[in-house]
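Novice: next comes the sequence, and after it the predicted model I'd like to discuss.
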Amino acid sequence: MRIGLQLGYWGAAPPDGAGKLVVEAERAGFDGVFAAESWGSDAFTPLAWWGASTSRVRLGTSVAQLSARSPASCAMHALTLDHLSGGRCVLGLGVSGPQVVEGWYGAPFGKPLARTREYVSIVRQVLAREQPVRNDGPHYPLPATGPGTLGLGKPLRPITHPLRADLPIWLGAEGPRNVAQTAEIADGWIAVYFSPRVAPLYEQWLDDGFARPGARRDRAEFEVAATCPVVVTDDPVAEKAKVKPSLALYIGGMGAAKMNFHADLFRRMGYPEAVEEITAHFLAGRRERAVAAVPDELVDDVSIIGDREQVRAGVRAWREAGVDTLLVGCRDVAQLRAVADAVLGAQDDALPSG
């Protein structure tokens with residue numbers, strides 16, 4: 001089991017002490033550092049800035065939004081970071097949702113699976129640098145065609161030679177078709193919310209993708225990275241309560257009333273009534289009641305919270321459920337060290353003696 005420090009995206013201001021956390025994560029044995037974006041801070045700049053103080057950890061976007069930049073621009077960001085870090089970039093991508101894509105980026109959200117497939121194909125062409133980049137698909141035509149174009153577009157190869165043609169591309173995905181396509185075309189899956197209890201369902205979706213003709217990887221070569229609150233504590237009740245506001249936000253507010261992929265995921269986990277109650281309260285502005293409606297069992301499903309031995313047991317359960325990397329947010333250095341001790345210790349416990 002590997003650990004990635006999840007920096008997430010910023011609130012009203014940059015987080016205090018993030019640079020120190022990044023350095024300490026490398027010292028403590030974390031495998032990677034990851035940054036996200038929503039509609040404020042971007043995912044690449046924090047990795048370049050704070051990642052400059054590291055030499056070993058992978059630097060990953062978790063996730064960069066497709067609509068934030070064109071495929072060619074995204075490939076430029078990734079190849080640049082990969083060169084600067086000496087081959088440590090992981091490009092995590094996601095479609096976001098219609099509220100952000102159409103409300104913030106001013107782009108249509110339709111056909112997210114087809115858009116993802118085209119996007120990844122173009123990024124891979126740029127990184128391969130075998131020939132000028134072309135795309136005949138309707139979402140990202142290269143050269144551009146249609147109204148407003150001059151017909152003078154020229155297919156190009158990147159001036160800068162990418163360091164790695166096989167720079168890993170991970171996709172954030174939640175639904176069955178999205179996860180299956182991820183297994184088909186990507187190098188890894190970022191599970192925004194994961195529960196070992198329903199792992200057989202995820203494995204079925206992944207297997208559907210691996211079985212497709214031309215699938216890029218098999219399961220042994222593919223990385224499953226799951227976002228997971230991991231807290232070592234003697235007061236699990238208090239710590240679980242701290243997880244509920246974020247869950248209520250994603251279930252009730254990070255999507256439209258009739259299209260919220262996070263809410264759909266928790267319905268599949270077996271919480272349809274709780275999802276409806278949380279959503280109703282959140283959309284009506286009753287946020288405290290939305291938080292209170294998050295069941296304790298749901299928190300237990302998607303997090304690992306308890307004393308050192310309970311956390312170690314939880315880590316082993318997530319690993320047995322198919323998770324290769326835990327993406328963990330840490331408030332301070334003390335929590336980071338405790339998480340490293342528990343997660344890496346659980347791996348040591350599993351090694352045969354002698």
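Specialist: All right, it came through fine.

Novice: what's the next secondary structure element after the helix or strand containing Glu288?
Specialist: Glu288 belongs to helix 287-292 when assigned by DSSP states H and E. Downstream of helix 287-292, the next assigned helix or strand under DSSP H and E is helix 296-302.

Novice: skip the chain neighbours and tell me the closest residue to Lys20.
Specialist: Counting by CB to CB, 6 or more residues apart in numbering, Val333 is the residue found nearest to Lys20 once chain neighbours are left out, at 6.7 Å. The way it works is simple: take the backbone N, C-alpha and C, and place the C-beta from them, glycine included.

Novice: list the contacts of that neighbour.
Specialist: Gly17, Lys20, Leu21, Glu24 (CB atoms under 8 Å, 6 or more residues apart in numbering).

Novice: of the residues you listed, select the buried ones using a PyMOL command.
Specialist: Buried residues within these, by 16 or more other CB atoms under 10 Å, are selected in PyMOL with:
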select buried, resi 21+24
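
Novice: just the contacts of Val333 now: which is nearest Trp50?
Specialist: In terms of CB to CB, no member of these lies closer to Trp50 than Leu21, at 8.4 Å.

Novice: report the contact partners of that closest one.
Specialist: By CB under 8 Å, 6+ apart, the residues touching Leu21 are Leu5, Leu7, Cys330, Asp332, Val333, Leu336.

Novice: equivalent analysis for Ala215, please.
Specialist: Taking CB under 8 Å, 6+ apart as the test, what Ala215 contacts is Ala183, Glu184, Ile185, Gly209.

Novice: same check, this time on Asp31
Specialist: Applying CB under 8 Å, 6+ apart, the residues contacting Asp31 are Arg2, Ile3, Gly4, Val57, Arg58, Thr325.

Novice: next, give phi and psi for the first one.
Specialist: Yep, that's Arg2 we're talking about. When read as degrees, to the nearest 10, the backbone of Arg2 gives phi -100, psi 160.

Novice: hang on, isn't it packed against Leu326?
Specialist: Yes - with contact defined as CB atoms under 8 Å, Arg2 counts as touching Leu326 (7.4 Å).

Novice: who's more crowded, these two?
Specialist: Shown here are Arg2 and Leu326; by other CB atoms under 10 Å, Leu326 has more neighbours (26 against 19).

Novice: wait, isn't that one in contact with Ala317?
Specialist: No - the criterion here is CB under 8 Å, and Leu326 misses it with Ala317 at 11.7 Å.

Novice: coming back round to it: of the contacts of Val333, just say which sits nearest to Gln99.
Specialist: Leu21 (30.2 Å).

Novice: most surrounded residue in the contacts of Ala215?
Specialist: For the contacts of Ala215, the largest number of neighbours (other CB under 10 Å) sits with Ala183, at 28 neighbours.

Novice: for that one, give its distance to Val343.
Specialist: 25 Å (CB to CB, to the nearest Å).

Novice: skip the chain neighbours and tell me the closest residue to Gly153.
Specialist: Using CB to CB, 6+ apart, the nearest residue to Gly153 is Pro143, at 2.8 Å.

Novice: the one you found: what's it in contact with?
Specialist: Residues near Pro143 by CB under 8 Å, 6+ apart: Arg134, Gly153, Lys154, Pro155.

Novice: now the first one: how far from Ser121?
Specialist: Using CB to CB, Arg134 is found at 10 Å from Ser121.

Novice: who's more crowded, the two?
Specialist: Of the pair Arg134 and Ser121, Ser121 is the one with more neighbours under other CB under 10 Å, namely 15 against 12.

Novice: circling back to that earlier point, got phi/psi on the residue nearest to Gly153?
Specialist: phi -60, psi 160.

Novice: look up the closest residue to Leu79, ignoring the ones flanking it.
Specialist: Pro162 (4.3 Å).

Novice: secondary structure class for that neighbour?
Specialist: Following DSSP: H, G, I helix; E, B strand; the rest coil, Pro162 is assigned to coil.

Novice: pLDDT below threshold where in the stretch 251-354 of the chain?
Specialist: 256, 347-354 (pLDDT under 70).

Novice: 80 - rerun?
Specialist: 253-261, 346-354 (pLDDT under 80).

Novice: what about the strands in it?
Specialist: 304-306, 325-328 (DSSP state E, counting those that start in this stretch).

Novice: just these: most buried one?
Specialist: strand 325-328 (a mean of 26; mean count of other CB atoms under 10 Å).

Novice: how much space separates Gly97 from Lys154?
Specialist: 35 Å.

Novice: the two: who's more crowded?
Specialist: Of the pair Gly97 and Lys154, Gly97 is the one with more neighbours under other CB under 10 Å, namely 19 against 7.
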